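**Q** sequence isn't available, so here's the structure alone:
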């Protein structure tokens, strides 16, 4: 649990000291280098991502998908949130770092996005009280330890409204068991040459007959 708290604490510090670089670790987004051009590029990349997510849902899941509400988990300073708010009627962003939310609120105010609500996050998303047509998260769950991440993932899935879509990005080992997205295959089933055996002292009826074990019922005409 101490490691989890340390992770949250570190993210809060990033939100206070270098929020844009914490989202995308490119030197141009450092607080000491960030200028208007870099900031515009930053939010344009989020707009492109938001459009990609919405268009992918339409292309692969529902050609008529037009969400009226969206949740952005781990919204940070609003990189993707802004793009979603430009196409979705109501958007809610949650983040663990107060500094991120302060900057996201300022960004949305500059753009006149009155359809955005920003909430502090916790392990149960207790501040989120509704379901959404779209539940989204990108480059967030990878920063959360597995136990907490699974709990949050289940909660995010539960927040998808009936007929809605979830777009939740997770990391996996592309080179480690690529056919199963990083998951090792199940262990092989042990083979028995003489049929199944029952452990324990040998007694009458304790060992299954190999002939009986291999015998199939005869088909009836």
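**A** Ah, there it is. All values reported here derive from a predicted model rather than from experimental measurement.

**Q** for the nearest residue to residue 137 once chain neighbours are set aside, grab phi and psi.
**A** Closest residue in space to residue 137, ignoring its immediate chain neighbours: residue 73 at 4.0 Å, by C-beta to C-beta, 6 or more residues apart in numbering. C-beta coordinates here come from the backbone N, C-alpha and C atoms, glycine included. Main-chain torsions, residue 73, degrees, to the nearest 10: phi -80, psi 130.

**Q** OK, contacts around residue 73?
**A** Residues near residue 73 by C-beta atoms under 8 Å, 6 or more residues apart in numbering: 94, 121, 125, 135, 136, 137, 140, 152, 156, 168.

**Q** doesn't the third one lie inside a helix?
**A** No. Membership of residue 125 in a helix is not supported by DSSP: H, G, I helix; E, B strand; the rest coil, which gives coil.

**Q** any idea how far it is from residue 112?
**A** 27 Å (C-beta to C-beta, to the nearest Å).

**Q** okay, those two: which has more neighbours?
**A** Set side by side, residue 125 and residue 112 show more neighbours around residue 125, with 20 against 7, by other C-beta atoms under 10 Å.

**Q** show me where this structure has its strands.
**A** Assigned strands in the chain, in chain order: 69-73, 90-95, 116-120, 132-137, 160-168 (criterion: DSSP state E).

**Q** what are the buried residues along the longest one?
**A** Read it as strand 160-168. 160, 164, 165, 166, 167, 168 (16 or more other C-beta atoms under 10 Å).

**Q** skipping adjacent residues, who's closest to the residue most central in space within the chain in space?
**A** Nearest to the mean C-alpha position of the chain, by C-alpha atoms, centre = their mean, lies residue 168 at 3.4 Å. In space, and not counting its chain neighbours, residue 168 is closest to residue 137: 5.0 Å by C-beta to C-beta, 6+ apart.

**Q** pretty sure that neighbour sits against residue 70.
**A** No. The criterion here is C-beta atoms under 8 Å, and residue 137 misses it with residue 70 at 11.1 Å.

**Q** looking at the two, which has the bigger crowd around it?
**A** residue 70 (29 against 21).

**Q** who does that one bridge with?
**A** On the basis of DSSP bridges, residue 70 is bridged to residue 91, residue 134.
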